[in-house]
Each structure stands twice: as structure tokens, then as C-alpha cells.
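S.K.: When you get a sec, could you give me coordinates for this:
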Amino acid sequence: MKVVFHYVLWGVWALAIALQSCDSHKPHPPVTNEAGLYLRLDHRYDSSALELNRAWLPTLLNQVEINHCQYYLSGFALQRTDSSWLEFPNAVFYADLERQTQSRWRLAPSVPAGTYTALRFRVGLDSLLNHSDPASWPPSHPLSLLSSAHMHWNWNSGYIFFKMEGQYQRPSMPVNGGFSYHLGGDEMLRTVILPFSPLALEGPETDLSVHLQMRGFFDGSHTHYITDSSSFSHSALGDRVASKLAYNLASAFVWKGRVNPL
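M.R.: I've put the predicted structure just below:
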């Protein structure tokens, strides 16, 4: 009887394991987005979606291939019709284009119903966030060591606000070179204000759409010609290349309007 009993127990145990294994292979229901106000940001080059590692993308003075791009956005706010600002101080976003070229971030769980006329944010981090200790943030936070391992200077106190690396080609020579631009430091913080026609916001979920036109990084108001002497910048004090590119970057964001949630 003991032998039979043990066989019965073994059979029940095996059946339980089998059922558990089958259940683990069942498709899980899709995760639904929480209600709230979202920013949806699409990365473009000209009119088409940006493709990393695509040679060659045209600029006014060079051709480029973008291999890596990462950056931080913070300081979000919406402007009311009376010119005051509704701020979202806890919204800090980190983008890594190697992971995805379209990003969707939650600005706030809700937004007061009303009419708004502009979106404001910063490319980079204010001084308080910039000089915070990456180890002090929880693992899920974009400023934590897990997220910022390649976006924080260990030789300098602060984060890299924007990083782009790739290859370039001179139009007059078929010789390729590499470029590496790391923009950071308090003096490289740039504020973006995108005005729009009065927009009434209400309801449980709203998406605000913005495009980042990467060609503007090179061909903005300060057209950048990549040469051997201007293909590298780590934002040293007085670095004119970094300053020029930071201004170009701030002007490369384009308001696209309110869109239906994903």
C-alpha cells in the first residue's frame, strides 16, 4: 500500500508540474496603459522615420550615418490661456534609440480640464538633478545607475544630456570618419517651448505628439560642418561645437498635435 501511495503522490506532483508548465506558455493578456497625460515622441530624419545604421543620410555639408543616440528630457509644463504654467516636476524621461525609435512617456496621472497653448520642456537636467548621485535613485528611475551607466561622466559630476555617435562622409572626398557628440554640463541645458493653437484637454487619457527631426541637429540655425577638428565634443568649457549643436537640438523638436492613444 505504501508503494501504491507513493506512486499516487508522484503522479499528482507530475500532473501539477505539467499543468503549471502549460499555463506558463499561455499568452498573457496585453498590459493596458494607465490613464493620464502622455508624451508621444517620434524620431525622424527628414519626413521619414529615423533609421539607425543607415548610410548615408544627407546634411547640407556632409552625409551621416547615426549609430547611437540617447538623451534626457525634463522640466515639462503646459501653458494655460492666462500664460501661467501647469508643471510636471517629477517627469524625467530617458530615450535610447537603439531600443526604440518611438517613445511614449506618462507625464502625469491626470491633467486638469482646461485649454492650453504651449508645451515646455528641457533637453537635459536642471542643476539639482544633474549633480544628484545616480546611486540614490531607485532602479526603475531613469536617473538610476541601471539606466544612466553610459549617460553619466565618472570624471565629472553630472549626466550626459544628449549623446549621438556615428559616421560621416565629406562630399568632396570618399573617405569616411567617425563623429561623437556628448552634450552635458549645466551650461548645455536648453529649454524648448512649442506653442500651438488653443487645445482643450479633458478625459482619462491624452497623447501629445512631438517629432524630433534629427537632421536639424546638423542643419539648424547653426549649420554644422563635420571635419576632423569638429567631429568630437565632450562639452569642455568654452566648447563652441557643443554649444552650437545644443542650440540646433533645441530647435529640432516639432509640435504635431493631439493624437489618439496607442
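S.K.: quick one: contacts for residue 191?
M.R.: Residue 191 is in contact with 75, 120, 121, 122, 123, 250, counting by CB atoms under 8 Å, 6 or more residues apart in numbering. Bear in mind the C-beta positions are built from the backbone N, C-alpha and C, glycine included.
S.K.: ok, the most centrally placed residue in the chain - contacts?
M.R.: Computing the C-alpha centroid of the chain and ranking residues by CA atoms, centre = their mean puts residue 95 first, at 2.2 Å. Contacts for residue 95 (CB under 8 Å, 6+ apart) come out as 41, 43, 69, 70, 71, 72, 73, 103.
S.K.: okay, now the fourth one: neighbour count?
M.R.: Spelled out, that is residue 70. By the measure other CB atoms under 10 Å, the count of residues near residue 70 is 21.
S.K.: Could you number the chain from 9 rather than 1 from now on?
M.R.: That works, and once the first residue is 9, the last one we named lands at residue 78.
S.K.: which outside residues touch stretch 229-243?
M.R.: 67-70, 72, 176, 178, 185-193, 196, 225-226, 247, 249-250, 252-253, 255-256, 259.
S.K.: do you know how far residue 129 is from residue 199?
M.R.: Computed as CB to CB, to the nearest Å, the residue 129 to residue 199 distance reads 8 Å.
S.K.: joint contacts of the two?
M.R.: Shared contacts of residue 129 and residue 199, counting by CB under 8 Å, 6+ apart, come down to residue 83.
S.K.: I'd like to know which elements whichever strand in the chain runs longest is packed against.
M.R.: Across the chain, the strand with the greatest residue count (assigned by DSSP state E) is strand 71-88. In terms of contacts (3 or more CB pairs under 8 Å, 6 or more residues apart in numbering; DSSP states H and E), strand 71-88 is packed against strand 65-66, strand 93-96, strand 101-104, strand 122-131, strand 168-177, strand 198-209.
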